[in-house]
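Peer 1: Can you look at this prediction? I've put the sequence above it.
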Amino acid sequence: MTKIKKSFLLLAMGILALPLFQNTFQPISSAPLRGVFESTPPPVFSARTWFKGEFQFQVQENIEDSIGLKPDFVRLYNQIDFSLFSIPHAERVVAGKNHELFASGYIRGYLGQDFLGEKIIDEKVKMLKSIQDILWKTKRIFLLVLIPPDKGSFCPENIPDHFLRMKHHQTGRDYFTKKAAEYSVNILDFNPFFKSLKNASRFPLFPTTGVHWTDWGAYLSADSATRYLEQKTGIKMGRFILDGTEISSKPRHNDDDINRTMNLIWDAPHADLAYPEFHMISEAKFSKPSALFIGDSFFWGWYDQGIIDSLFRNKEFWYYDQDVFPESFSKAKSTKEISLREAVERQNFVILFQVGAGGGNPGSTFIERAYAEFDTSADNKIRMIEQRMKNDPEWLALQIKKSRESGIPLKDVLRNDAISLFTEALFKKK
């Protein structure tokens with residue numbers, strides 16, 4: 001009995017010493033955790049931090065942050081909680097029924113908890129209508145609001161019951177699409193289309209372990225969107241020809257984006273997924289149109305499998321009207337650094353590509369910026385605000401400082417802030 005006790009004691013001591021041994025000699029190659037984690041800096045000793053207890057706390061935090069095999073212990077802890085109790089340790093992730101994983105934002109959207117309000121959406125739709133008509137009548141540029149399906153609305157039966165017991169409100173997407181129809185705003189909502197295919201599709205339209213549509217779902221939507229754009233504008237576009245589908249047990253692209261954030265030892269349960277293999281056919285004189293996309297990460301479902309390359313001669317994408325791609329792949333570039341008018345006027349299509357129509361605000365700040373740029377009455381009011389800034393020495397000094405710190409030309413800083421003030425006043429009046 002004594003030998004058994006000694007063996008257990010030695011084993012326990014070995015386990016406790018393992019992190020220190022790993023820190024010193026690094027015998028085990030430990031994969032880093034996925035995601036963004038702030039490491040605790042080494043503590044700096046001073047009389048003030050010592051007597052306030054801050055130094056001791058910083059030492060403790062630093063030791064815990066740099067302990068050997070920490071990523072492996074975190075993955076073990078996450079795996080136990082997820083496998084035994086269905087608790088995902090990832091920000092804004094919800095474990096639903098039938099192993100379905102949700103981003104909490106889509107559940108909030110399904111319940112209508114992110115509704116902007118009727119008056120704000122009314123004003124945005126009016127601005128959209130103005131931009132749409134001006135671009136089409138003066139430049140033959142077709143403006144479209146494209147709404148990808150959201151997982152909360154697609155499979156609400158898998159949302160946990162405690163969410164479903166909450167009060168349901170009007171959703172931003174429902175009110176926006178209704179108002180947009182009243183004003184004849186061009187809109188293509190894929191939610192009804194996906195619901196109609198829910199039980200008929202040969203392959204999954206949403207991955208169990210991901211937020212976005214599958215490659216198969218993205219492919220079907222791209223084929224429909226192409227026909228819609230051609231019908232509306234008369235611009236000849238290519239035709240998708242499906243050569244086959246590859247079935248894979250390993251998710252690709254963004255099909256397991258939720259799973260990756262949970263830092264588990266082994267992957268969460270998921271079904272096999274289909275990856276389409278296709279080519280394009282077109283008329284001999286076919287020339288690819290150009291398009292500017294402004295929206296969210298659903299765009300990557302078209303980008304990653306080559307749909308954008310197949311349909312358009314460019315790949316311009318403004319992520320939430322902030323980051324410019326593909327430039328930002330190599331070096332960060334902001335939409336504030338480029339001319340909105342020039343970027344829009346070289347396109348055949350401008351597509352606001354956002355799930356749930358952004359809760360009633362597709363394209364984020366693009367609507368206000370484009371309205372200020374292309375609507376004459378708005379432009380005149382904004383120029384008056386710019387002039388007030390220039391005439392006020394203190395206000396102008398602040399704008400000059402902002403320009404120097406950001407590296408953005410002064411005229412663009414003045415313009416952007418004037419648009420923000422104009423929009424703020426517009427919504428306050430409403």
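Peer 2: The structure has been received and is ready for your questions.

Peer 1: so who does residue 132 touch?
Peer 2: Residues counted as contacts of residue 132 (CB atoms under 8 Å, 6 or more residues apart in numbering) are 143, 185-186. Every residue, glycine included, has its C-beta placed from N, CA and C.

Peer 1: wait, which of the residues you listed is closest to residue 418?
Peer 2: Using CB to CB, residue 143 is the member of these that lies nearest residue 418, at 23.1 Å.

Peer 1: Validate this expectation: residue 280 resides in a helix.
Peer 2: No - under DSSP: H, G, I helix; E, B strand; the rest coil, residue 280 sits outside any helix and is assigned strand.

Peer 1: In this structure it contacts residue 243, no?
Peer 2: No - Residue 280 is beyond contact range of residue 243, at 11.0 Å (criterion: CB atoms under 8 Å).

Peer 1: surely residue 88 meets residue 99?
Peer 2: No - contact criterion CB under 8 Å: residue 88 and residue 99 do not qualify, at 11.4 Å.

Peer 1: more neighbours, these two?
Peer 2: residue 88 (22 against 14; other CB atoms under 10 Å).

Peer 1: Where does pLDDT dip in the protein?
Peer 2: Low-confidence segments of the chain, defined by pLDDT under 70: 1, 5-30, 35-43, 45, 50, 52, 54-57, 59-69, 283-286, 426-430.

Peer 1: Can you show me the strands along it?
Peer 2: Taking DSSP state E, the strands of the chain run over residues 93-95, 101-103, 142-147, 187-189, 239-248, 273-281, 291-295, 316-319, 323-325, 349-353.

Peer 1: Output these as JSON lines; include the columns distance to residue 388 and mean neighbour count.
Peer 2: Formatted as JSON lines, these follow (distance: least, CB to CB, whole Å; neighbours: other CB atoms under 10 Å):
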{"stretch": "strand 93-95", "distance to residue 388": "47", "mean neighbour count": "19"}
{"stretch": "strand 101-103", "distance to residue 388": "42", "mean neighbour count": "24"}
{"stretch": "strand 142-147", "distance to residue 388": "31", "mean neighbour count": "23"}
{"stretch": "strand 187-189", "distance to residue 388": "37", "mean neighbour count": "19"}
{"stretch": "strand 239-248", "distance to residue 388": "52", "mean neighbour count": "12"}
{"stretch": "strand 273-281", "distance to residue 388": "52", "mean neighbour count": "17"}
{"stretch": "strand 291-295", "distance to residue 388": "29", "mean neighbour count": "25"}
{"stretch": "strand 316-319", "distance to residue 388": "29", "mean neighbour count": "22"}
{"stretch": "strand 323-325", "distance to residue 388": "30", "mean neighbour count": "17"}
{"stretch": "strand 349-353", "distance to residue 388": "31", "mean neighbour count": "24"}
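
Peer 1: Check the burial of residue 268 by counting its neighbours.
Peer 2: The tally of other residues near residue 268 (other CB under 10 Å) stands at 20.

Peer 1: Quick one: neighbours of residue 233, just the number.
Peer 2: 18.

Peer 1: give me every residue that touches it.
Peer 2: Contacts of residue 233 by CB under 8 Å, 6+ apart are 140, 142, 348-349.

Peer 1: State the pair within these that is farthest apart.
Peer 2: For the contacts of residue 233, the farthest-apart pair by CB to CB is 140 and 349; their separation is 10.6 Å.

Peer 1: just so I have it, where are all the helices in the stretch 101-250 of the chain?
Peer 2: 104-111, 118-139, 151-154, 161-164, 172-182, 191-197, 215-233 (DSSP state H, counting those that start in this stretch).

Peer 1: Return the most buried member of the ones you listed.
Peer 2: helix 151-154 (a mean of 23; mean count of other CB atoms under 10 Å).

Peer 1: Show me what stretch 191-204 is in contact with.
Peer 2: 147, 149-150, 153-155, 173, 205, 213-214, 216-217, 220-221, 224, 245, 271, 273-274.

Peer 1: Help me confirm that residue 214 comes into contact with residue 255.
Peer 2: Yes - at 5.9 Å, residue 214 counts as touching residue 255 under the criterion of CB under 8 Å.

Peer 1: Find residues that contact each of the two.
Peer 2: Residues touching both residue 214 and residue 255 by CB under 8 Å, 6+ apart: 207, 273.
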